[in-house]
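K.L.:
sequence plus predicted model, see below.
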Amino acid sequence: MKYAAFLLITLLVLAGCSGAKEELKTEAPPVAKKDTVVTPPPTERVYTYSERYAIPDATIDEATNVDDPLQAIRVIQLKEGKNSVLVISSFDTLAGQSLETWFGIELPSFAPGSYALADAANAEFYRFYLGEDRKRIDGESYEGKLTIEENSDGYVSGYIDATINGVTKSFDADSKPVRVTFTGSFRIQVVDLENTLMKTR
């Protein structure tokens with residue numbers, strides 16, 4: 001009887017011990033979050049010059065060959081030809097004085113590459129001083145180069161680094177030689193010659 005009681009107590013103790021046994025849950029370590037690298041969109045290029053036009057199948061005409069006086073507003077006159085003409089214009093301020101500049105360059109084509117301005121088929125440069133001291137600079141010879149980076153999607157883009165040897169024109173003073181620079185990037189729209197004409201009503 002004592003043996004049976006001892007056996008019963010032993011079984012109860014063993015049962016209690018097994019019931020109190022803890023079950024350890026193993027969890028995977030937390031995954032470290034990777035820092036998200038945000039790449040900003042590329043900055044849109046800002047061009048120094050974006051006014052006027054690139055004209056295929058054209059040539060620079062003599063400034064005096066203007067039948068319609070309204071066409072003189074174009075400053076650089078054009079006509080049909082076998083080359084291409086790039087005309088860049090800008091409106092700037094220098095020492096508080098307003099300037100209007102027109103630069104026309106005629107080449108066989110505007111395929112990507114670098115071109116010496118001295119080798120251009122033709123070129124014309126005019127700078128107008130629009131303040132009280134009214135005068136004009138006419139280009140006579142050209143140094144430097146024109147770099148065409150791209151000619152696609154209806155635009156010609158690149159960079160110009162030019163030195164213009166010119167002469168001043170004024171009603172109030174004698175003409176004198178002058179050198180001016182014209183530099184900067186450009187993106188100019190390609191248009192047909194017809195679209196450069198000033199329309200009369």
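P.N.:
Okay, I see it.
K.L.:
tell me where this structure has strands.
P.N.:
51-60, 78-80, 83-94, 97-107, 113-116, 122-129, 135-152, 155-169, 177-190 (DSSP state E).
K.L.:
report the contact partners of the residue minimising distance to the centre of the chain.
P.N.:
Centroid-nearest residue in the chain, with CA atoms, centre = their mean: Tyr47, separated by 3.7 Å. Listed by CB atoms under 8 Å, 6 or more residues apart in numbering, the contact set of Tyr47 reads 157, 184-187. (Each C-beta comes from the backbone N, C-alpha and C, glycine too.)
K.L.:
I'd like the strands of the chain as TSV, with mean pLDDT appended.
P.N.:
Output for these, formatted as TSV (pLDDT from 0 to 100):
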stretch	mean pLDDT
strand 51-60	96
strand 78-80	93
strand 83-94	93
strand 97-107	94
strand 113-116	97
strand 122-129	95
strand 135-152	96
strand 155-169	96
strand 177-190	96
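K.L.:
let's have the ones you listed in JSON lines, adding distance to Leu197 and mean neighbour count.
P.N.:
Formatted as JSON lines, the strands of the chain follow (distance: least, CB to CB, whole Å; neighbours: other CB atoms under 10 Å):
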{"stretch": "strand 51-60", "distance to Leu197": "11", "mean neighbour count": "20"}
{"stretch": "strand 78-80", "distance to Leu197": "9", "mean neighbour count": "14"}
{"stretch": "strand 83-94", "distance to Leu197": "13", "mean neighbour count": "18"}
{"stretch": "strand 97-107", "distance to Leu197": "15", "mean neighbour count": "19"}
{"stretch": "strand 113-116", "distance to Leu197": "27", "mean neighbour count": "14"}
{"stretch": "strand 122-129", "distance to Leu197": "18", "mean neighbour count": "20"}
{"stretch": "strand 135-152", "distance to Leu197": "23", "mean neighbour count": "17"}
{"stretch": "strand 155-169", "distance to Leu197": "20", "mean neighbour count": "18"}
{"stretch": "strand 177-190", "distance to Leu197": "16", "mean neighbour count": "16"}
